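Q: could you work out the structure for the sequence below:
(one chain, ligands or ions: 1)
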Amino acid sequence: MAHGGDTIFGRIIRKEIPAQIVYETEDVLAFRDISPVAPVHVLIIPKKPVASVAHATEEDAQLLGKLMLAAAEVARREGLLENGYRVVTNIGSDGGQTVFHLHLHVIGGRQMEWPPG
Ligand code: 5GP
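A: Got it, this is the predicted structure:
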């Protein structure tokens, strides 16, 4: 599993490349996915470069909570509360992770399927 080092999301955090930012705090940034899989598809990332949930430590416990709360806040702002939505984090190759900077996908605006493919 690739991890550490810099990623495209690091460049977005540093505002070196543009992103459609929808929410930002001291610790967390949320922006629209460049290749959305649903009418609403927002990525929630910590500004701290943790590679994935599998790389998080006890020191990151509060940060992980902040990410989940940011996901809920973004969903509320995007009007997803009434019909619901999905929060996903992909981990490693089998998990489908392609960017090795921890992120939550907030996906909504259409009916989700289960199990995922
Ligand atoms: P993963 O596959 O790692 O769970 O999710 C990575 C996500 O990042 C993908 O949904 C992909 O479309 C998105 N993504 C990759 N590069 C960029 C980018 O430069 N800007 C934005 N906004 N999203 C990106």
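Q: show the average pLDDT along the longest strand seen in the chain.
A: Using DSSP state E, we find that the single longest strand of the chain is strand 40-46. Averaged over strand 40-46, pLDDT sits at 98.
Q: where are the low-confidence patches of this protein?
A: Flagging of the chain using pLDDT under 70 yields the residue ranges 1-5.
Q: how about the strands in it?
A: Taking DSSP E as the test, the strands found in the chain are 21-24, 28-32, 40-46, 85-88, 104-108.
Q: get me the contact residues on the protein for the ligand.
A: 8, 19, 31-35, 43, 90, 96-99 (CB under 6 Å from any ligand atom). Heads up, the C-betas are built off the backbone N, CA and C, glycines and all.
Q: among the residues you listed, which ones are buried?
A: Listed as buried from those are 19, 31, 33, 43, 90, 97, 99; burial here means 16 or more other CB atoms under 10 Å.
Q: name the residue most distant from the centre of the protein?
A: residue 82 (21.1 Å; CA atoms, centre = their mean).
Q: from the chain's centroid, how far away is the longest helix along the chain?
A: Taking DSSP state H as the criterion, the chain has its longest helix at helix 61-77. Here helix 61-77 shows a centroid-to-chain-centroid distance of 10 Å under the convention CA atoms, centre = their mean, to the nearest Å.
Q: which strands and helices lie in contact with that helix?
A: Applying 3 or more CB pairs under 8 Å, 6 or more residues apart in numbering; DSSP states H and E, we find helix 61-77 packed against strand 21-24, strand 28-32, strand 40-46, strand 85-88, strand 104-108.
Q: show me what counts as buried in the first one.
A: This points to strand 21-24. Applying a neighbour-count criterion of 16+ other CB under 10 Å, one finds 22-23 buried in strand 21-24.
Q: how about the CA coordinates for stretch 106-114, as CSV?
A: In CSV, the C-alpha atoms belonging to stretch 106-114 read as follows (Å, rounded to 0.1, in the frame of the first residue of the first chain):
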residue,chain,number,x,y,z
VAL,A,106,-19.9,12.2,0.7
ILE,A,107,-22.1,10.9,-2.1
GLY,A,108,-25.8,11.7,-2.6
GLY,A,109,-28.6,12.9,-4.7
ARG,A,110,-29.5,9.4,-6.1
GLN,A,111,-30.4,6.0,-4.8
MET,A,112,-27.4,4.0,-3.6
GLU,A,113,-27.0,0.3,-4.1
TRP,A,114,-25.8,-2.3,-1.6
